[in-house]
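Visitor: heads up, no residue letters with this:
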Ligand SMILES: Nc1ncnc2c1ncn2[C@@H]1O[C@H](COP(=O)(O)OP(=O)(O)OP(=O)(O)O)[C@@H](O)[C@H]1O
Ligand SMILES: [Mg+2]
């Protein structure tokens, strides 16, 4: 929105990027993740790291003709396939079509320390083999902590992490590496991964005042400008959607057309013509002052003009609103029946608000007309 997408083919002087296809993310990264380089996705338990990696891979394979390899050091392939299905992705099909290769690597101490020293060469061979099988351009490693969990020596560990990132970069693979954010709020357990990554994205799932919100922040992006805010994001049956609020820009049109508020005297106070079309109107008042009633008049007037209207209600149900508005002479039910008015009544969790307010196409089908 507002900003032009960089389709990953910029001039030779600018960083090449790989579109993720994750809704909203390509806008705040101005074109996706650094192509041919590693990106670290850090987050706490259940923050969406694995699903981020899966969607990056699936979108790459399906939308951008870039096959991918998923190396899981945690979840098994059947588990991954099921998780991906919850986002509407058919991994079995992509694997059968040779667009995605899934590999579950179980790291056991005796396997990695055969020669007495930790060595990533076996892993490199395995990744290279998988990459070659599907001609992969994208790779996901989930998670780096599991990969290195059996390595006690911090000196070797740091060297091996550097070697892994260097190897991936040298192979030109656009890689997503997931990392667990630890309790001390460090981005990664070893505190080195974020320094050797070209791009670091932090996922956060927090509960404040009983409201759950997911947030995403780009901590760093070498060689590129990017949105720096915390952006709310949503996980649902269509994948991840980031809401790039700041990229909306302040370039809205300002129509001169006026529409009725539905209350003749209020229209009179508003220059005799009502609200500007396309404007946002805040009706503020203490409990019982008539906020919903003013809104219902506005809805009624819109439906009378034959315009379609969406009503998002976060406190009362459809039936309560229809009943209560009857007492001030408004029959909203007729507009529901005619298909002009659609109610979306939901409780207050932030994720629901996001999905309902910003993604009307993803909400449940129209509420059925109320029975009187
Ligand atoms: N279809 C869905 N609709 C809504 N939310 C979903 C859906 N599928 C998964 N989730 C959410 O995503 C979370 C899991 O995401 P994911 O497995 O990517 O997290 P993670 O950061 O990898 O977690 P872990 O630290 O356990 O590996 C679930 O806890 C759930 O909240
Ligand atoms: Mg995970």
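Guide: Now that the structure is in, tell me what you want to look at. Everything numeric here is computed off the predicted structure, so don't read it as measured data. Numbers count the residues shown, from 1 in each chain. Ligands and ions are numbered 1, 2, ... in the order given.

Visitor: per-domain residue ranges of this structure.
Guide: When the chain is parsed into structural domains using automatic domain parsing, the resulting residue ranges are 17-248, 282-362.

Visitor: name the residues of the protein found near ligand 2, please.
Guide: Counting by CB under 5 Å from the ion, the residues of the chain close to ligand 2 are 49-50. Heads up, the C-betas are built off the backbone N, CA and C, glycines and all.

Visitor: host element of the residue of the chain found nearest ligand 2?
Guide: Evaluated by CB to the ion, the chain has residue 50 as its residue closest to ligand 2, separated by 3.2 Å. When secondary structure is defined by DSSP states H and E, residue 50 falls within helix 49-63.

Visitor: repeat for residue 240
Guide: Short version: residue 240 belongs to strand 239-242, going by DSSP H and E.

Visitor: helix or strand next in line after that strand, which one?
Guide: Scanning forward in sequence from strand 239-242, with DSSP H and E defining helices and strands, the next element found is strand 258-259.

Visitor: contacts made by that next one with the rest, please.
Guide: Applying CB atoms under 8 Å, 6 or more residues apart in numbering, the external contacts of strand 258-259 come out as 270-271, 273-277, 301-302, 305.

Visitor: which of the residues you listed ranks first by neighbour count?
Guide: Comparing those by number of neighbours (other CB atoms under 10 Å), residue 274 comes first, having 21 neighbours.

Visitor: who does the helix or strand hosting residue 214 pair with, and is each partner parallel or antiparallel?
Guide: Counting by DSSP H and E, the secondary-structure element that holds residue 214 is strand 211-221. Sheet pairing of strand 211-221 (DSSP bridges) gives strand 199-208 (antiparallel), strand 230-236 (antiparallel).

Visitor: ok, which of those comes nearest residue 338?
Guide: strand 230-236 (29.6 Å; CB to CB).

Visitor: for stretch 220-237, which positions count as buried?
Guide: By neighbour count, with 16 or more other CB atoms under 10 Å as the criterion, the buried positions of stretch 220-237 are 220-221, 224, 226-227, 231-235.

Visitor: just how off-centre is that stretch within its chain?
Guide: The offset between the C-alpha centroid of stretch 220-237 and the centroid of the whole chain comes to 9 Å, using CA atoms, centre = their mean, to the nearest Å.

Visitor: equivalent analysis for stretch 167-179, please.
Guide: A distance of 22 Å separates the C-alpha centroid of stretch 167-179 from that of its chain, computed with CA atoms, centre = their mean.

Visitor: tell me the secondary structure of residue 94, please.
Guide: helix (DSSP: H, G, I helix; E, B strand; the rest coil).

Visitor: dump the residue contacts of residue 98.
Guide: 67, 133-134.

Visitor: which of the residues you listed count as buried?
Guide: Listed as buried from these are 67, 134; burial here means 16+ other CB under 10 Å.

Visitor: okay, the contacts of residue 98 in a markdown table with secondary structure and pLDDT next?
Guide: Below are those laid out as a markdown table (DSSP: H, G, I helix; E, B strand; the rest coil; pLDDT from 0 to 100):
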| residue | secondary structure | pLDDT |
| --- | --- | --- |
| 67 | coil | 96 |
| 133 | helix | 94 |
| 134 | helix | 94 |
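
Visitor: which one is the residue nearest the centre of the chain nearest to, not counting chain neighbours?
Guide: With distances taken as CA atoms, centre = their mean, the residue of the chain nearest its centroid is residue 241 (2.8 Å). With CB to CB, 6 or more residues apart in numbering as the measure, residue 23 is the residue that lies nearest to residue 241, at 4.1 Å, once sequence neighbours are left out.

Visitor: from what I see, the one you found and residue 244 are in contact.
Guide: No: because the distance of 9.2 Å does not satisfy CB atoms under 8 Å, residue 23 is recorded as not touching residue 244.

Visitor: more crowded one of these two?
Guide: residue 244 (23 against 19).

Visitor: picking up where we left off before, right, and the helix or strand after the helix holding residue 50?
Guide: Downstream of helix 49-63, the next assigned helix or strand under DSSP H and E is strand 68-72.

Visitor: where does the prediction get shaky in the stretch 101-250 of the chain?
Guide: Under the criterion of pLDDT under 70, the regions of the stretch 101-250 of the chain flagged as low confidence span 108-119, 152, 183-185, 245-250.

Visitor: for stretch 270-288, give me every contacting residue.
Guide: The set of residues that contact stretch 270-288 without belonging to it, under CB under 8 Å, 6+ apart, is 252-261, 266-267, 291, 294-295, 298.

Visitor: of those, buried ones?
Guide: Applying 16+ other CB under 10 Å to the contacts of stretch 270-288, the neighbour count classes 258-261, 267, 294-295, 298 as buried.

Visitor: closest to ligand 1 out of those?
Guide: For the buried ones among the contacts of stretch 270-288, the closest approach to ligand 1 (CB to the nearest ligand atom) belongs to residue 295, at 30.0 Å.

Visitor: quick check: what element follows the helix or strand hosting that closest one along the chain?
Guide: Under DSSP H and E, the secondary-structure element containing residue 295 is helix 291-304. Sequence-wise, the next helix or strand downstream of helix 291-304 (DSSP H and E) is strand 309-313.

Visitor: list the buried ones in that next one?
Guide: Buried positions in strand 309-313, judged by neighbour count with 16+ other CB under 10 Å: 309, 311, 313.

Visitor: give me the next element, helix or strand, following it.
Guide: For strand 309-313, the following helix or strand on the C-terminal side (DSSP H and E) is helix 318-326.
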